[in-house]
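Colleague: fold the stuff below for me.
(one chain, ligands or ions: 1)
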Amino acid sequence: MSIKFSQLSNISTSATVAINTLANKKRQAGKRVYNLSAGEPMIVTPEVIIEAGEKAMRDGQTKYPPSTGIAPLRLAASEWMNKNYYTHYDIDHTLVTCGGKFGLYLLLQALVESDTEVLIPAPYWVSYPSMVQLFGGTPITVNTSESDGWKIEVADLEKLFTPKTKILIFNNGSNPTGVLYSREELEKILTWCSKKNIIAISDEVYSGLVYDGGKYISCASFGNLSNNVIVVHSCSKNFAMTGWRVGFVFAPAEIIRVLATLQSQSITNTSSISQWAALSALQNAETIIPQIRTEMQKRRDTLVEVRQKLFGGNLPSPASALYAFWPINSFGVNDTDSVRFCEKVLKEGNVAMVPGAPFGKEGYVRISFGETKKELTEAMEALRRYL
Ligand code: GLU
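Modeller: As a prediction, the model looks like this:
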């Protein structure tokens, strides 16, 4: 086999996808499984979106759309960003992709060279380092800790900077920690990136899922400091559309042109039906997002309360996204690592959670609160019984 093949075989499978698949397999085999692994709002996609998808099919929108995405959706997405997050995008800055994940993949394919070092704050979403490696780059972990609120500071970035550092993958509204940065904090980080000429790829897919009245600030809303910012976005979480696979990249027009070429030579386009459905999602965003946010906040509160009642101790509620990232010892377990803990709990206790290790933080576990309050409660009770 070629060197490239053996390098690729060393890249790990996505842990989130793997555990979700395992949990669903157990379910299909007839087991009662509590699946808190998948990062998705377990809510039926809103009716108005489904209707738009249905209508698109009946209207004959079933042929190849442009590789860049359908024009009305690109326009609506750029206007939605500008209106809600004070950015300055137009249609030429906007690409429709097959989920935010593929947008990030295309970006790294286009930007990472064999000697590129990419800064990635940890805990990180499992796919960031693997994608950097897929394209021959080197992921450089920027460690954070729970006691620092899981936040990076400029001094941390400065310590790891080398002439090969070209990109920072930044995830405000973080998967897995739920950490949310303030405008002042973001400004410091972006000022540093701008000084060092580093591209900040800003994964903003949880922008709508910010709780307790918190405000989401886009990294693309800082005037000149945003010149080196590229935003990855998605309909998955904000609109309960994970399976529809619609995401966006917002970037300078020359980058969008290259990504569109890569898209035309790979997947051709995102599903035309999903794109028309996504257009309806954006047109109804002002109603849909608050509804999903309110429901997710209730689910988060249930998870936090039930854990506290069953296991004791007081853990902070995540400020955004869909996850609690908690230490294993908060469940009274001290003698194992996160992978073994999650494997055993899924195998023997039928509760699926994702270990902290693939997120770059041992000793922790990620619990998604996308499920219903009843399911979350029963899952925590099942975990308690098992342990
Ligand atoms: N972002 C979600 C998660 O972390 C979706 C799964 C994935 O593609 O990793 O669970």
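
Colleague: who's in contact with stretch 292-305?
Modeller: Stretch 292-305 has contacts (C-beta atoms under 8 Å, 6 or more residues apart in numbering) with 41, 43, 208-212, 238-240, 315, 317-318, 322, 324, 367, 369-373, 376-377, 380. (Glycine included, C-beta is placed from N, CA and C.)

Colleague: what subset of those is buried?
Modeller: Those of those that meet the buried threshold are 41, 43, 208-211, 238-240, 318, 322, 324, 367, 369-371, 373, 376-377, 380, by 16 or more other C-beta atoms under 10 Å.

Colleague: in strands, which of the residues you listed fall?
Modeller: 324, 367 (DSSP state E).

Colleague: what residues sit buried inside the longest helix along the chain?
Modeller: Within the chain, and with DSSP state H defining each element, the longest helix by residue count is helix 285-311. Buried residues in helix 285-311, defined by neighbour count with 16+ other C-beta under 10 Å: 285, 288-289, 292-293, 295-297, 299-304, 306-307, 310-311.

Colleague: strands along the protein, start to end?
Modeller: With DSSP E as the criterion, the chain has strands spanning 34-35, 94-97, 117-122, 138-143, 165-170, 199-203, 229-234, 247-250, 323-327, 351-352, 354-355, 364-368.

Colleague: take those and lay them out in a markdown table including distance to the ligand.
Modeller: Rendered in a markdown table, the data for those read as follows (distance: least, C-beta to the nearest ligand atom, whole Å):
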| stretch | distance to the ligand |
| --- | --- |
| strand 34-35 | 11 |
| strand 94-97 | 13 |
| strand 117-122 | 15 |
| strand 138-143 | 16 |
| strand 165-170 | 14 |
| strand 199-203 | 10 |
| strand 229-234 | 9 |
| strand 247-250 | 11 |
| strand 323-327 | 8 |
| strand 351-352 | 11 |
| strand 354-355 | 7 |
| strand 364-368 | 7 |
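
Colleague: okay if I get these as a markdown table plus mean pLDDT?
Modeller: Below are the strands of the chain laid out as a markdown table (pLDDT from 0 to 100):
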| stretch | mean pLDDT |
| --- | --- |
| strand 34-35 | 96 |
| strand 94-97 | 98 |
| strand 117-122 | 98 |
| strand 138-143 | 98 |
| strand 165-170 | 98 |
| strand 199-203 | 98 |
| strand 229-234 | 98 |
| strand 247-250 | 98 |
| strand 323-327 | 98 |
| strand 351-352 | 97 |
| strand 354-355 | 96 |
| strand 364-368 | 98 |
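
Colleague: dump those into a markdown table; add distance to residue 262 as well.
Modeller: Listed next are those as a markdown table, based on distance: least, C-beta to C-beta, whole Å:
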| stretch | distance to residue 262 |
| --- | --- |
| strand 34-35 | 34 |
| strand 94-97 | 10 |
| strand 117-122 | 18 |
| strand 138-143 | 21 |
| strand 165-170 | 17 |
| strand 199-203 | 15 |
| strand 229-234 | 14 |
| strand 247-250 | 11 |
| strand 323-327 | 30 |
| strand 351-352 | 34 |
| strand 354-355 | 29 |
| strand 364-368 | 31 |
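
Colleague: wait, which of those is closest to residue 70?
Modeller: Distances from residue 70 to each of these were compared by C-beta to C-beta, and the smallest falls on strand 94-97, at 7.2 Å.

Colleague: and for the closest one, what are the contacting residues?
Modeller: Defining contact as C-beta under 8 Å, 6+ apart, one finds that strand 94-97 is touched by 68-70, 73-75, 77-78, 103, 106, 246-251, 256, 259-260, 263, 269-270, 275, 278.

Colleague: residues touching the residue in the chain positioned nearest to the ligand, list them.
Modeller: Among the residues of the chain, residue 39 lies nearest to the ligand; the distance is 2.6 Å by C-beta to the nearest ligand atom. By C-beta under 8 Å, 6+ apart, the residues touching residue 39 are 16, 175, 237, 322-323, 368, 370.
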